[in-house]
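In: Quick one: sequence and predicted model below, then my questions.
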Amino acid sequence: MSPGTIRAGLGAAFLLVAAVALWAIRDNERVLAEGRVVLAELAPVDPRSLMQGDYMALRYAIDAALSDAAEKRAAPPPAYAYLALDEAGRATIAGTGDALPPPPGRVAVRIRSRDGAPSIGPNAFFFQEGTAERFADARWGEFRVADDGKALLTHLRDQDLERLGENRR
């Protein structure tokens, strides 16, 4: 291969990688801007391992219901958790399924597999070094959820649903 062909191939590969990265960023920005706020209760975790370095390990109460349903189901796991929201946006599991849009009055969240178990969100929340004490009272995870079921964890909240970690004056 000639040096010109190699350079052209490398340039095309770079442009492809950049385009995919920009598409993913734009998609996440869309979810953050347009997504519905959904609050998922955090499940208790061992306080000795709650804070490790610059992140908090997370589990969600909804995941326990999903695991129970998965154990009873012989079919392949469902694609979505259908959530009912109260007036404050707190979510409870209202069912599972493979179809969009969700049933009326429900929000669909894509189910992920984490360590072989179903989950609605990430297993960690990262924060700035030295700010762990700001997040010690976390009881709720705040998500932005798009119509296609994509959910992004944006904040943690305390028992009074106040956002944690934000600088208040």
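Out: Sure, I can see it. Residues are numbered from 1 along each chain as shown.
In: mind listing what S119 touches?
Out: Residues in contact with S119 (CB atoms under 8 Å, 6 or more residues apart in numbering) are 60, 63, 66, 111-113. All C-beta spots, glycine's among them, are computed from the backbone N, C-alpha and C.
In: which of those residues count as buried?
Out: The neighbour count (16 or more other CB atoms under 10 Å) marks 60, 63, 66, 111 as buried among the contacts of S119.
In: Next step: these restricted to helices.
Out: The helices, defined by DSSP state H, take in 63, 66 from those.
In: Serialize the buried ones among the contacts of S119 to JSON lines and add fields for pLDDT and distance to A84.
Out: Listed next are these as JSON lines, based on pLDDT from 0 to 100; distance: CB to CB, whole Å:
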{"residue": "Y60", "pLDDT": "93", "distance to A84": "15"}
{"residue": "D63", "pLDDT": "92", "distance to A84": "16"}
{"residue": "L66", "pLDDT": "88", "distance to A84": "14"}
{"residue": "I111", "pLDDT": "95", "distance to A84": "16"}
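In: Which one of the buried ones among the contacts of S119 is nearest to R144?
Out: Y60 (15.5 Å; CB to CB).
In: Against W23, how distant is the closest one?
Out: Using CB to CB, to the nearest Å, we find Y60 at a distance of 28 Å from W23.
In: next structured bit after the least confident helix or strand in the chain by mean pLDDT?
Out: Of all helical and strand segments in the chain, the minimum by mean pLDDT, DSSP states H and E falls on strand 51-52, at a mean of 52. Downstream of strand 51-52, the next assigned helix or strand under DSSP states H and E is strand 55-57.
In: Within the sheet, what are the partner strands of that next one, with directions?
Out: Strand 55-57 sits in its sheet next to strand 51-52 (antiparallel), strand 124-126 (antiparallel), going by DSSP bridges.
In: Perfect, I'm done here.
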